[in-house]
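Peer 1: Structure, please.
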Amino acid sequence: MIFVALHVFVVVLAAAHILLRAHRQPESRAAWLLLVLALPYVGALAYIFLGRTNVGRRRVELLKAAFHDLPLPQDAPGWPATPTPTGAHEALFAVGRSISSYVPVDGNSARLMENSDTAIDAMVADIDAATDHVHLLFYIWLADRNGTKVAEAVQRAARRGVACRVLVDDLGSRDLVRGPLWQNMAAAGVETRRALVIGNPLLRALTGRIDLRNHRKIAVIDNRITYCGSQNCADPEFLPKAKFAPWVDVLLRFEGPVVRQNQHLFISDWIGNGGGDIGDLLRVPLREVTAGFKAQVIATGPTFRNSAMPEMFVTLLYAAKRSVFITTPYYVPDAAMQAALCACANRGVDTTIIFPARNDDFAVGAASRSYYLDLLRAGVKIFEYEAGLLHAKTLTMDGQILLIGSANMDRRSFDLNYENNILVENPELAEVLRARQESYLAQSRRVLPEEVQDWAVWRRLWNNVITIVGPVL
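Peer 2: Next up is the predicted model:
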């Protein structure tokens with residue numbers, strides 16, 4: 001009798017929490033309810049550890065206060081006038097502003113890095129030329145060739161009096177923070193912090209999910225230069241998962257007022273993770289703003305508006321008139337995004353998407369393929385990149401708009417990770433990025449509808465089962 005009462009109590013309590021929790025997609029509620037009903041104790045325990053998009057009440061307060069208490073970039077002296085809302089793409093930037101309060105700003109320039117190694121070399125050169133400060137934030141920083149080169153450049157900068165601040169995710173960069181390179185940076189005078197520190201995993205799980213991570217990749221140098229893209233501070237050989245190498249990334253080097261928005265984002269993360277208040281850097285007058293394109297930083301995460309990143313993606317897809325070209329390593333969409341991609345092709349927009357042929361996450365790879373047939377039937381052209389793991393997260397639209405950054409098209413980027421992206425309106429830069437996307441096609445294989453229809457029953461069954469479990473994870 002006691003066992004029956006305990007069983008009912010656990011099931012009812014877990015089910016009530018699942019049904020009452022705000023901002024939960026219906027398919028996610030259904031998946032969790034199914035798990036709790038089928039395996040009450042295992043399901044309830046899994047829900048405690050993995051079911052809540054919560055980094056902890058105290059941490060939420062710190063991160064929200066750090067972001068909202070800082071002066072906004074557009075309040076800095078010398079900030080150019082906000083463009084008058086006109087033109088076909090103003091709605092896109094309006095969505096971006098509603099997410100993270102950053103206004104679209106003109107006067108920017110950017111250069112696409114040739115590859116991962118040249119990107120690191122360019123970053124090292126900028127750090128070596130720094131005169132005031134160097135701010136670096138990476139989800140993954142490895143003590144490999146490229147990781148060591150950046151760490152040594154930061155040490156050199158600190159020794160000559162440049163204020164250097166390094167923030168890494170506690171889980172993604174766990175090997176770095178336990179090794180000598182981390183200690184060497186601190187010994188050289190670099191201020192180091194860990195984002196979303198885990199501590200005791202069991203105790204941490206009681207106050208917030210362990211796997212809600214800071215997935216951002218940000219470099220800001222002297223309030224003048226910023227880097228944005230998919231690249232972590234690591235070699236393309238990426239030794240922790242070398243069998244999938246090379247990891248193919250995209251990184252852009254920006255100059256102009258948009259740098260100050262990435263600066264604001266870095267500083268909010270720095271303060272929110274226990275760093276000192278360096279908000280005065282946001283009050284420094286901007287350098288003279290010259291001609292350049294419009295850009296806007298879009299910041300998302302568990303302490304920002306719910307489902308902000310998929311809303312941005314979906315808005316871009318419905319705004320497309322001629323073409324959309326996407327590269328993403330991880331595709332586990334919500335229903336709205338899948339429908340938007342299909343609608344894109346159905347209305348005659350030339351829609352292309354490239355996934356990796358071999359995904360480092362077997363579950364995500366299987367879940368992604370469960371969506372192929374509907375996309376193909378709508379007319380979406382699907383390719384699988386075979387020359388490594390295409391890790392670049394890029395979107396170009398109509399030869400005028402591009403979105404680049406850290407966010408994938410999956411539920412982890414939608415709900416669980418802190419991400420940073422930059423939205424750009426500029427035909428020249430869009431053409432350059434589109435050419436890079438096109439270059440991946442030469443190393444990719446096109447997936448045809450007949451091929452997917454001929455997949456073995458066991459393969460389709462596996463893909464669809466993983467998709468059902470996806471909302472739980």
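Peer 1: what is the mean pLDDT for stretch 422-429?
Peer 2: Across stretch 422-429, pLDDT averages out at 97.
Peer 1: Mind listing residues that contact it?
Peer 2: Residues outside stretch 422-429 that contact it (CB atoms under 8 Å, 6 or more residues apart in numbering) are 89, 92-93, 96, 104, 108, 110, 112, 228, 252, 254, 258, 262, 293-298, 312, 399-405, 430. Every C-beta, even on glycine, is put in place using the N, C-alpha and C of the backbone.
Peer 1: let's go with 6 Å and repeat that
Peer 2: 89, 96, 110, 228, 293-298, 399-405 (CB atoms under 6 Å, 6 or more residues apart in numbering).
Peer 1: same thing with stretch 234-249?
Peer 2: Contacts of stretch 234-249 (CB under 6 Å, 6+ apart): 116, 140, 142, 144-147, 230-231, 358, 360, 388-392.
Peer 1: Run the chain-centre distance for it.
Peer 2: 18 Å (CA atoms, centre = their mean, to the nearest Å).
Peer 1: Quick check: buried residues in it?
Peer 2: Within stretch 234-249, the residues that count as buried by 16 or more other CB atoms under 10 Å are Ala234, Asp235, Pro236, Glu237, Phe238, Phe244, Pro246, Trp247, Val248, Asp249.
Peer 1: From the opening residue of that stretch to its closing one, how far?
Peer 2: 11 Å (CA to CA, to the nearest Å).
Peer 1: Also stretch 136-144?
Peer 2: First-to-last distance for stretch 136-144 - CA to CA - comes to 17 Å.
Peer 1: now swap in stretch 439-446 and tell me
Peer 2: So stretch 439-446: terminal residues 14 Å apart, CA to CA.
Peer 1: in that stretch, what counts as buried?
Peer 2: Tyr440, Ser444.
Peer 1: quick one on the thing from earlier: by neighbours, which of the contacts of stretch 234-249 wins?
Peer 2: Neighbour counts for these, by other CB atoms under 10 Å, peak at Leu390, which reaches 29 neighbours.
Peer 1: wait, isn't it in contact with Phe355?
Peer 2: No - counting by CB atoms under 6 Å, Leu390 sits too far from Phe355 to count as a contact (7.4 Å).
Peer 1: In strands, which of the contacts of stretch 234-249 appear?
Peer 2: When those are checked against strands (DSSP state E), the matches are Leu389, Leu390.
Peer 1: Residue ranges in the stretch 101-250 of the chain under the pLDDT threshold?
Peer 2: Scanning the stretch 101-250 of the chain with the threshold set as pLDDT under 70 gives 202-208.
Peer 1: What segments of it are helices?
Peer 2: 116-128, 145-159, 174-177, 180-187, 201-207 (DSSP state H, counting those that start in this stretch).
Peer 1: Kindly reformat these as CSV and extend each row with distance to Arg369.
Peer 2: CSV is the format used below for the helices of the stretch 101-250 of the chain (distance: least, CB to CB, whole Å):
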stretch, distance to Arg369
helix 116-128, 27
helix 145-159, 32
helix 174-177, 30
helix 180-187, 38
helix 201-207, 31
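Peer 1: which one of the ones you listed lies closest to Tyr318?
Peer 2: Evaluated over the helices of the stretch 101-250 of the chain, closeness to Tyr318 peaks at helix 116-128, with 32.2 Å, by CB to CB.
Peer 1: Quick check: can you list the domain ranges of this protein?
Peer 2: Here the domain assignment for the chain is 2-50, 57-91+105-295, 308-472, based on automatic domain parsing.
Peer 1: right, so of those, which gets closest to Pro302?
Peer 2: domain 57-91+105-295 (5.5 Å).
Peer 1: Quick check: Ser368 touching Tyr331?
Peer 2: Yes - applying CB under 6 Å as the test, Ser368 and Tyr331 come out as touching, 4.3 Å apart.
Peer 1: Tell me how far stretch 456-465 lies from the chain's centre.
Peer 2: 29 Å.
Peer 1: Give me the buried positions along that stretch.
Peer 2: Buried residues in stretch 456-465 (16+ other CB under 10 Å): Trp462, Asn463.
Peer 1: follow-up on the earlier one: looking at the buried residues of stretch 234-249, which one is closest to Trp458?
Peer 2: For the buried residues of stretch 234-249, the residue nearest Trp458 by CB to CB is Phe244; the value is 23.7 Å.
Peer 1: And the closest one, how close does it get to Val332?
Peer 2: Remark: distance between Phe244 and Val332 (CB to CB, to the nearest Å) = 18 Å.
Peer 1: Buried only: go through the contacts of stretch 422-429 for me.
Peer 2: If you count burial by 16+ other CB under 10 Å, the buried members of the contacts of stretch 422-429 come out as 89, 96, 110, 228, 293-298, 400-405.
Peer 1: Which residue is the nearest non-sequential neighbour of Arg445?
Peer 2: Glu384 (5.4 Å; CB to CB, 6 or more residues apart in numbering).
Peer 1: same for the helix or strand hosting the one you found, what does it pack against?
Peer 2: Taking DSSP states H and E as the definition, Glu384 sits inside strand 381-385. Strand 381-385 sits against strand 350-356, strand 444-447, with contacts defined as 3 or more CB pairs under 6 Å, 6 or more residues apart in numbering; DSSP states H and E.
Peer 1: Recalculate using a threshold of 10 Å.
Peer 2: Strand 381-385 makes packing contacts with strand 323-327, strand 350-356, helix 362-369, helix 372-378, helix 427-441, strand 444-447 when contacts are defined by 3 or more CB pairs under 10 Å, 6 or more residues apart in numbering; DSSP states H and E.
Peer 1: In the sheet, which strands lie alongside the first one, parallel or antiparallel?
Peer 2: In this case it means strand 323-327. Applying DSSP bridges, strand 323-327 is found paired with strand 350-356 (parallel), strand 394-397 (antiparallel).
Peer 1: relative orientation of it and strand 381-385 in degrees?
Peer 2: Put simply, strand 323-327 runs at 30 degrees to strand 381-385, going by axes from the mean of the first three to the mean of the last three CA atoms, to 10 degrees.
Peer 1: Remind me what the helix or strand that strand 323-327 is followed by packs against, helices and strands.
Peer 2: Moving toward the C-terminus from strand 323-327, the next helix or strand (DSSP H and E) is strand 331-332. Packing partners of strand 331-332 (3+ CB pairs under 10 Å, 6+ apart): helix 335-346, strand 350-356, helix 362-369, strand 409-410.
Peer 1: what about these, which gets the closest to Arg57?
Peer 2: strand 409-410 (26.5 Å).
Peer 1: after that closest one, next one along is what?
Peer 2: helix 411.
Peer 1: so what strands line up beside the helix or strand following that following helix?
Peer 2: Using DSSP H and E, the next helix or strand after helix 411 towards the C-terminus is strand 419-425. Strand 419-425 pairs in its sheet with strand 293-300 (antiparallel), strand 401-405 (antiparallel), by DSSP bridges.
Peer 1: which strands and helices sit next to the following helix or strand past the first one?
Peer 2: When you say that, I think you mean strand 293-300. Next in sequence after strand 293-300, counting helices and strands by DSSP H and E, comes helix 308-319. Helices and strands touching helix 308-319, by 3+ CB pairs under 10 Å, 6+ apart, are helix 90-100, strand 293-300, strand 323-327, helix 335-346, strand 394-397, strand 401-405, strand 409-410, strand 419-425.
Peer 1: can you tell which of these is closest to Ala158?
Peer 2: strand 419-425 (24.3 Å).
Peer 1: ok so, going back, and which of the buried residues of stretch 234-249 is nearest Asp350?
Peer 2: Val248 (22.9 Å).
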